[in-house]
Structure formats: C-alpha cells, structure tokens
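Participant: just to be clear, the model below is a prediction. Sequence and coordinates:
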Amino acid sequence: MNLIILADVLVGLLLSICILLQHRASGLSATFGGAGAVPIQRRGAEKVLFTLTIWLCVIFFGLAVLNLVLGQ
C-alpha cells in the first residue's frame, strides 16, 4: 500500500475522531428559532481539540492533493 494513501487514511480517522469529540453549543434547534447566535469562547482542551481539527483538515486535504498530483 502506498505511504501517502496510508497517511491519508490515518489522518482521516484522526480527523473523524476529533470532529466527533467536539461539543456542539447549538444543534438543529437553533435553525428553527432556538438559541440565538452567541459567540463561544474556547478554552483549555476544547481549544486544543479545535485547533487540532483544523490542522488535521489541512493535512488531510494536502495529502489528497499530493496524491492527485503524483497520480498514485
């Protein structure tokens, strides 16, 4: 198996886990007039998880583009 594809799969799994671990402040109820849009201050572990999710997303798409460019 190609190293880039393996890395992309592993990063994708980590990205999925990070997304599932994040706390949603407002769900579908906000769409239908529930809670108003209130900015959320992230602190501690929640901020680290949020930043890690962004970096994993950038790495995931970078590996996907690299895989596309190299034609593997």
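Facilitator: Structure's in. What do you need?

Participant: C-alpha only now, for contacts and for neighbours.
Facilitator: OK.

Participant: how about Gly12, what does it touch?
Facilitator: Residues near Gly12 by Cα atoms under 8 Å, 6 or more residues apart in numbering: 56, 60.

Participant: what's the pLDDT at it?
Facilitator: For Gly12, the pLDDT comes out at 95.

Participant: let the chain start at 53 from now.
Facilitator: Will do, 53 is the new start, and the previous item becomes Gly64.

Participant: excluding sequence neighbours, find me the nearest residue to Ile109.
Facilitator: Just to correct that, residue 109 is Cys rather than Ile. Leu67 (6.7 Å; Cα to Cα, 6 or more residues apart in numbering).

Participant: could I get the buried residue list for the helix or strand containing that neighbour?
Facilitator: Taking DSSP states H and E as the criterion, Leu67 maps to helix 55-73. The neighbour-count check on helix 55-73 (16 or more other Cα atoms under 10 Å) flags 60, 63-64, 66-67, 70 as buried.

Participant: next, the angle from the helix or strand that that helix is followed by to helix 55-73.
Facilitator: Following helix 55-73 in sequence order, the next helix or strand is helix 97-122 (DSSP H and E). On the basis of axes from the mean of the first three to the mean of the last three Cα atoms, to 10 degrees, helix 97-122 is oriented at 150 degrees to helix 55-73.
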